[in-house]
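Asks: fold the following, please.
(chains A and B)
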Amino acid sequence: GESVGLHLPTLSVQEGDNSIINCAYSNSASDYFIWYKQESGKGPQFIIDIRSNMDKRQGQRVTVLLNKTVKHLSLQIAATQPGDSAVYFCAERGFNNAGNMLTFGGGTRLMVKP
Amino acid sequence: DTEVTQTPKHLVMGMTNKKSLKCEQHMGHRAMYWYKQKAKKPPELMFVYSYEKLSINESVPSRFSPECPNSSLLNLHLHALQPEDSALYLCASSQDYGAQPQHFGDGTRLSIL
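Replies: You can find the predicted model right below:
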């Protein structure tokens, strides 16, 4: 999910359906990836993370998939609920000018229709 | 509820004012971070403190002055800000420098008149 101008990419799903949010990352040397959920008026909330030596990790209703070949990360949310409506950010950790800090992707807005 | 507490939640100030943002965590984390987030954009790193010492300053203008009085507290002192500094200012902490995940507070919404 890369932002274009002032508009966040938006994914609209029906309540109960599965959601897939995608993220392309840039640094092939990144060793750790994380997904955050940010609701309106709140700070980013940790959802799930994955290290580069794994390609899949599951949490409660969420799964993160990592494809290092194409530098792609995805977040799958099962049985999406209205409370899942938020902006979702992926982030990667890789050595850059700021040391091994997080670099955030542009964000994707998830809207859940009742 | 977030384990990183930020005050105030909202702040409106003029360009000549001096104010401070505060952040507190009691998780025993030794790294603390300030981020700036504009609307519809991801957080951008400003400063990193590790063991109460400034480790990273991402070329932030001197009108922003961070301070870490102890391992639980992080302040951001503001002076002579510009309208473009209006944003959500987020504090985060992690167990150690570079450790993940970082835990975020809910931010201070800052408006410069």
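
Asks: what about the closest residue to A:Cys23 other than its chain neighbours, how many neighbours?
Replies: Computed as Cβ to Cβ, 6 or more residues apart in numbering or on different chains, the closest residue to A:Cys23 that is not its neighbour in sequence is A:Cys90, at 3.5 Å. C-betas here are computed from N, CA, C, even on glycine. A:Cys90: 27 surrounding residues under other Cβ atoms under 10 Å in any protein chain shown.

Asks: also A:Glu92?
Replies: Neighbours of A:Glu92 under the rule other Cβ under 10 Å: 22.

Asks: test my guess that it contacts A:Ser30.
Replies: Yes - A:Glu92 is in contact with A:Ser30 according to Cβ atoms under 8 Å; the separation is 4.0 Å.

Asks: residues contacting the residue nearest to A:Cys23?
Replies: A:1, A:23, A:25, A:33-36, A:73, A:75, A:104-105 (Cβ atoms under 8 Å, 6 or more residues apart in numbering or on different chains).

Asks: wait, which of those residues is closest to B:Gly14?
Replies: Nearest to B:Gly14 among the contacts of A:Cys90, counting by Cβ to Cβ, is A:Phe104 at 30.7 Å.

Asks: the residue most central in space within chain B: what secondary structure?
Replies: Geometric centre of chain B, nearest residue: B:Trp34, 3.2 Å, by Cα atoms, centre = their mean. The three-state assignment at B:Trp34 reads strand, by DSSP: H, G, I helix; E, B strand; the rest coil.

Asks: please name the bridge partners of it.
Replies: B:Phe47, B:Cys91 (DSSP bridges).

Asks: next one: A:Ala86
Replies: Here A:Ala86 sits in beta bridges with A:Leu110, going by DSSP bridges.

Asks: that one: neighbour count?
Replies: 21.

Asks: what sits against it?
Replies: For A:Ala86, the contacting residues are A:37-40, A:109-110, by Cβ under 8 Å, 6+ apart.

Asks: quick one: B:Tyr89 is in a strand?
Replies: Yes - judged by three-state DSSP, B:Tyr89 forms part of a strand.
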